[in-house]
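K.L.:
task: produce atomic coordinates for the following.
(2 chains)
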Amino acid sequence: MTIQDEEILGLLGPNGAGKTTLMLMMGTVYRPTSGNISVNGLDVVQHPNDVRKMIGIAFQDPRVDGILGAFDVLNWHLKMTTNLDKVEREDRVEKVLRAVDLWDARNKRTWLMSGGMRKKVEDCKVLAQRPKIAVFDEPTAFLDVPSRLLMWKMIRELRDEGSTVIVATNMMDEAERLSDRVAIVNLGRLVAIDTPEQLKGKTKGGEVLELTVGNGQEFPRECLTQFSEVRDVSQEDNKVTVYLSGGRLLLPKIVETLTNRGVKIDSVHLKEVTLEDVFLNYTGHRLE
Amino acid sequence: MARRDIATLFRTPWIIISRSLAFIIQLFVFAYLMSGLITSYHGFFGYYAVGSVVATVASISFIIGYDIFEEAEEGLLDYLLTLPIPRREFIIGRALGGAIRAMIYTIPMFVIVAVLENFANPLSLLAAFLDMSLLAFGVTGLSITVAVSVRSANRFDVVLALLELAVSRASTALYPFNYLPGYVQAIAPYSPVTFAADSARAALTGFSLDVLGVAGLVAFVAIFLGLGATFYFRRLEGGVYA
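P.N.:
Now for the predicted structure:
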């Protein structure tokens, strides 16, 4: 996998897919057991100190000194990661805390903060640092909707200022709306990587028909694959996913065929391909 | 990193205040009472006062191990490891921070004892301070070694508490050697706290240099600071926290 300069790459995968492990290997915390990772041409094992100077990581679970307030957490982080003088540091911290509406709570000890506030402080570390390579692990977990939208905006601004951004997420809408490209990872492997549009375009047919059939019913797959417009059919429990083209015209025929074969259809939903369908298509299961 | 560790301790001033109060109470109640009861040992109050400062240095130096273990458990260590600090500097910083904060913490107690016992010779005070500094560095190394060698939290707590008890209590810091039970007498001469306490007393009360004690302390520092740094480095660079 190659990550381009100044892009937002979404790492999309279920819990346990290896997203965080990959990020911590990039950040030189974990040593890779095999394979290579280069950051800006520097191998993470051979040149860990140089790599660390370029990277800022916002963790999934906030990693902040609970006894410190948000201001001190960010100020110390900048002191350790940048060459800014005291005035510049404090100015930058103030700007970012005001932007995420935490300025009034800047001196509140972080262990007394809500999960959402602590998560904002964690994200703000990297937003204030403005590293060459910014890594966010599930940046909007615990955040309410307005805060999520704000965080996405700030991450985009970080990219526009010249940072390369990597966002690990298991939220489809986050990956789709925030990323320039999406890498789908599953069970420790890269499954696909492209722009959200390209990934959706590559998915068979371009349309998806979701059927819910009666519980425990044997589904006659071949009665749908007989149609030339149907590219693939997959089943998970009582949910059947049909990848097809020309769905509007084909839908009545499909329903009729299945009904004639004695299949009880509880619901039918025809839609455009989403990243969720792409994920299902590549991995064979849904992203829970 | 050293400054961070020092600041961490002083962000919770009630710990310092409560321990200082406990020290003062111990000195003015227990040591005062005991020195009245013990007639066969002249000047037990002064003996105990110096020894309890040394024992406190050891006790505070052990805290760095708890900090390191907790940071690893809570994931804060992962964050610290992403910061652009070379691993060696990171480890040296932890050891320095652990030892320096123990010394800063005990300075007020040392001053109280110096005033009470009228220790005014600058060279003697400096020599005693250096003895305690060596002890602080050695115990910090020992504490780091245990923190990075034991995985289970319960086992870590037990091992560190027992070690703390062994090096401080099985020593001549608080009680003269001849008054110790036989089984403690067998261990006490080898305790680093004994080296520091005896050397500090020799400097403060006898204006002499306890060469053996200082040599023992230097060996203790070299072994455990070296071991602690090596073990810590291996765990960090080996990605064991993964």
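K.L.:
what's the helix or strand for residue A:211?
P.N.:
Secondary-structure assignment from DSSP states H and E places residue A:211 in strand A:207-213.
K.L.:
mind checking how far the helix or strand that that strand is followed by is from the chain centre?
P.N.:
The helix or strand immediately downstream of strand A:207-213 is helix A:222-225, counting by DSSP H and E. Offset of helix A:222-225 from its chain centre (C-alpha atoms, centre = their mean, to the nearest Å): 34 Å.
K.L.:
quick one: name whatever helix or strand follows helix A:222-225.
P.N.:
strand A:230-236.
K.L.:
check which element follows that next one along the chain.
P.N.:
From strand A:230-236, the next helix or strand downstream (DSSP H and E) is strand A:239-244.
K.L.:
which outside residues touch that next one?
P.N.:
A:203-205, A:207-213, A:219, A:224, A:227, A:229-235, A:250, A:254, A:273, A:277, A:280-281 (C-beta atoms under 8 Å, 6 or more residues apart in numbering or on different chains). C-beta: built from backbone N, CA, C; applies to glycine.
K.L.:
now the strand holding residue A:211 and strand A:239-244, what's the angle there?
P.N.:
Interaxial angle, strand A:207-213 versus strand A:239-244 (axes from the mean of the first three to the mean of the last three C-alpha atoms, to 10 degrees): 150 degrees.
K.L.:
so which residues on the stretch 51-200 of chain A come close to chain B?
P.N.:
A:52-53, A:55-57, A:59, A:61, A:63-65, A:67-68, A:76, A:80-81 (C-beta under 8 Å from any C-beta of the partner chain).
K.L.:
ok so, going back, among the contacts of strand A:239-244, which ones are buried?
P.N.:
Buried subset of those (neighbour count, 16 or more other C-beta atoms under 10 Å in any protein chain shown): A:203-205, A:207-209, A:211, A:213, A:219, A:224, A:229-231, A:233, A:250, A:254, A:273, A:277, A:280-281.
K.L.:
find the closest residue to chain B in the stretch 51-200 of chain A.
P.N.:
Closest approach between the stretch 51-200 of chain A and chain B, counting by C-beta to the nearest C-beta: residue A:63, at 3.7 Å.
K.L.:
tell me who's in contact with that residue.
P.N.:
A:122, B:74, B:75, B:76, B:78, B:79.
K.L.:
likewise for residue A:213?
P.N.:
Residue A:213 touches A:219, A:238, A:240, A:258, A:263, A:264, A:265, A:266, counting by C-beta under 8 Å, 6+ apart.
K.L.:
same thing with residue A:18?
P.N.:
Neighbour list for residue A:18: A:185, A:187, A:188, A:189 [criterion: C-beta under 8 Å, 6+ apart].
K.L.:
quick check on the contacts of residue A:213: which are buried?
P.N.:
A:219, A:240, A:258, A:263.
K.L.:
how about JSON lines for the residues you listed, with pLDDT added?
P.N.:
Compiled in JSON lines, the buried ones among the contacts of residue A:213 are given as follows (pLDDT from 0 to 100):
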{"residue": "A:219", "pLDDT": "76"}
{"residue": "A:240", "pLDDT": "88"}
{"residue": "A:258", "pLDDT": "87"}
{"residue": "A:263", "pLDDT": "86"}
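K.L.:
so residue B:48 sits in a helix?
P.N.:
Yes: residue state for residue B:48 (DSSP: H, G, I helix; E, B strand; the rest coil) corresponds to a helix.
K.L.:
which pLDDT value belongs to it?
P.N.:
On the pLDDT scale, residue B:48 is placed at 92.
K.L.:
next up, phi/psi of the residue of the stretch 51-200 of chain A closest to chain B, please.
P.N.:
Main-chain torsions, residue A:63, degrees, to the nearest 10: phi -110, psi 80.
K.L.:
which parts of chain A are helices?
P.N.:
Using DSSP state H, the helices found in chain A span residues A:19-26, A:48-54, A:70-81, A:86-99, A:115-129, A:145-160, A:172-178, A:196-202, A:222-225, A:247-260, A:275-283.
K.L.:
most tightly surrounded among those helices?
P.N.:
The highest mean neighbour count among these, using mean count of other C-beta atoms under 10 Å in any protein chain shown, belongs to helix A:115-129: a mean of 24.
K.L.:
distance from that one to the middle of the chain?
P.N.:
17 Å.
K.L.:
who are the packing partners of that helix?
P.N.:
In terms of contacts (3 or more C-beta pairs under 8 Å, 6 or more residues apart in numbering or on different chains; DSSP states H and E), helix A:115-129 is packed against strand A:55-58, helix A:70-81, helix A:86-99, strand A:133-137, helix A:145-160.
K.L.:
list of residues touching it?
P.N.:
The contact list for helix A:115-129, computed with C-beta under 8 Å, 6+ apart, reads A:56-59, A:62-64, A:70, A:73-74, A:77-78, A:81-82, A:92-93, A:95-97, A:99-100, A:102, A:105, A:110, A:113, A:134-136, A:139-144, A:147, A:151, A:154-155, A:158.
K.L.:
redo that, cut-off 7 Å
P.N.:
Identification of contacts with helix A:115-129 by C-beta atoms under 7 Å, 6 or more residues apart in numbering or on different chains yields A:56-59, A:62-64, A:70, A:73-74, A:77-78, A:81-82, A:92-93, A:96-97, A:100, A:102, A:105, A:110, A:134, A:136, A:139, A:141-144, A:147, A:151, A:154, A:158.
K.L.:
residue A:107 contacts residue A:71, doesn't it?
P.N.:
Yes: contact status for residue A:107 versus residue A:71: in contact at 6.3 Å, counting by C-beta atoms under 7 Å.
K.L.:
ok, which stretches of chain B are helices?
P.N.:
B:2-10, B:13-25, B:32-37, B:44-61, B:63-74, B:76-82, B:87-117, B:122-149, B:153-169, B:182-187, B:192-205, B:211-237.
K.L.:
for chain A, find the nearest of the ones you listed.
P.N.:
helix B:76-82 (3.7 Å).
K.L.:
returning to that earlier point: farthest-separated two in the residues of the stretch 51-200 of chain A next to chain B?
P.N.:
A:53 and A:67 (27.4 Å; C-beta to C-beta).
K.L.:
re the thing from before, of all the helices of chain A, which lies closest to residue B:47?
P.N.:
helix A:70-81 (43.2 Å).
K.L.:
what helices or strands is that closest one leaning on?
P.N.:
helix A:86-99, helix A:115-129 (3 or more C-beta pairs under 7 Å, 6 or more residues apart in numbering or on different chains; DSSP states H and E).
K.L.:
may I have it as PDB, with CA atoms only?
P.N.:
Extracted C-alpha coordinates of helix A:70-81, given in PDB (Å, rounded to 0.1, in the frame of the first residue of the first chain):
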ATOM      1  CA  ALA A  70      -6.600  20.200  28.200                       C
ATOM      2  CA  PHE A  71      -4.400  23.200  27.900                       C
ATOM      3  CA  ASP A  72      -1.400  21.600  29.600                       C
ATOM      4  CA  VAL A  73      -1.900  18.300  27.700                       C
ATOM      5  CA  LEU A  74      -1.700  20.100  24.400                       C
ATOM      6  CA  ASN A  75       1.000  22.500  25.500                       C
ATOM      7  CA  TRP A  76       3.200  19.700  26.600                       C
ATOM      8  CA  HIS A  77       2.600  17.700  23.400                       C
ATOM      9  CA  LEU A  78       3.600  20.700  21.300                       C
ATOM     10  CA  LYS A  79       6.700  21.200  23.500                       C
ATOM     11  CA  MET A  80       7.700  17.600  22.800                       C
ATOM     12  CA  THR A  81       6.900  17.500  19.100                       C
END
